[in-house]
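Student: here is my input, please return the structure:
(chains A and B)
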Amino acid sequence: AQSVSQHNHHVILSEAASLELGCNYSYGGTVNLFWYVQYPGQHLQLLLKYFSGDPLVKGIKGFEAEFIKSKFSFNLRKPSVQWSDTAEYFCAVNDGSARQLTFGSGTQLTVLP
Amino acid sequence: EAGVAQSPRYKIIEKRQSVAFWCNPISGHATLYWYQQILGQGPKLLIQFQNNGVVDDSQLPKDRFSAERLKGVDSTLKIQPAKLEDSAVYLCASGLGDDTEAFFGQGTRLTVV
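Tutor: Below you'll find the model as predicted:
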């Protein structure tokens, strides 16, 4: 069974700091990769996704992620965070055979004004 | 477009009671998912439907959980009898197909006392 690891459980940054959240997955075949975000009191929303092509994908609100197949990683980055980026971030993987979306345990990001 | 609708938003029940949650997916979405999200963890897939057929229910505790999606549109998830460890947020999501993104509802927060 596939698994997704997010090593940072809670990250605290000051505004304008750069962000990188780690995500590693276990499945060795073709995968689709996602980052979802959950703002306080809101539902899970898609931040960005990778299906194929350019391994550097850009999402909403200035976020981007890089797929590195050799490292089984899909790290999320943002050059300068804002207070409004405070939220919980989930990495998720969908592989064709399992036909299900498997989530990591999430990373709570707190941005201090 | 209208999002995924779930009800109720909150539910408190005593252990051994039964409870049901309802989900209305985005119109035209063939795939419907039910996830369980325990505090501090990522969402865990309980069951996945494609139209009104079950694609994956391998992580559904079938001795107490049941789900149906009559007519391939809305769906209900039932727990009977509930246990303390069932306290969680139950998320419904829908999508166009296996390899596309899932759109999430607000969730139902269940507290079993």
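
Student: strands along chain B, start to end?
Tutor: Remark: strands assigned in chain B by DSSP state E are B:5-7, B:10-13, B:19-24, B:31-37, B:44-50, B:53-56, B:65-68, B:75-79, B:88-95, B:103-104, B:108-112.

Student: what sits closest to the residue nearest the centre of chain B if chain neighbours are left out?
Tutor: With distances taken as CA atoms, centre = their mean, residue B:34 lies nearest the centre of chain B, 3.0 Å away. Leaving aside its sequence neighbours, residue B:34 sits nearest to residue B:46 (CB to CB, 6 or more residues apart in numbering or on different chains; 4.5 Å). Heads up, the C-betas are built off the backbone N, CA and C, glycines and all.

Student: hang on, the earlier thing: now mean pLDDT too, for the strands of chain B, in CSV please.
Tutor: CSV is the format used below for the strands of chain B (pLDDT from 0 to 100):
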stretch, mean pLDDT
strand B:5-7, 97
strand B:10-13, 97
strand B:19-24, 97
strand B:31-37, 95
strand B:44-50, 93
strand B:53-56, 90
strand B:65-68, 97
strand B:75-79, 98
strand B:88-95, 95
strand B:103-104, 93
strand B:108-112, 97
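
Student: go ahead and confirm the residue nearest to the centre of chain B touches residue B:92.
Tutor: Yes - if you go by CB atoms under 8 Å, residue B:34 and residue B:92 touch, sitting 5.8 Å apart.

Student: find residues that contact each of those two.
Tutor: B:23, B:75, B:77 (CB atoms under 8 Å, 6 or more residues apart in numbering or on different chains).

Student: with that, I have no additional questions.
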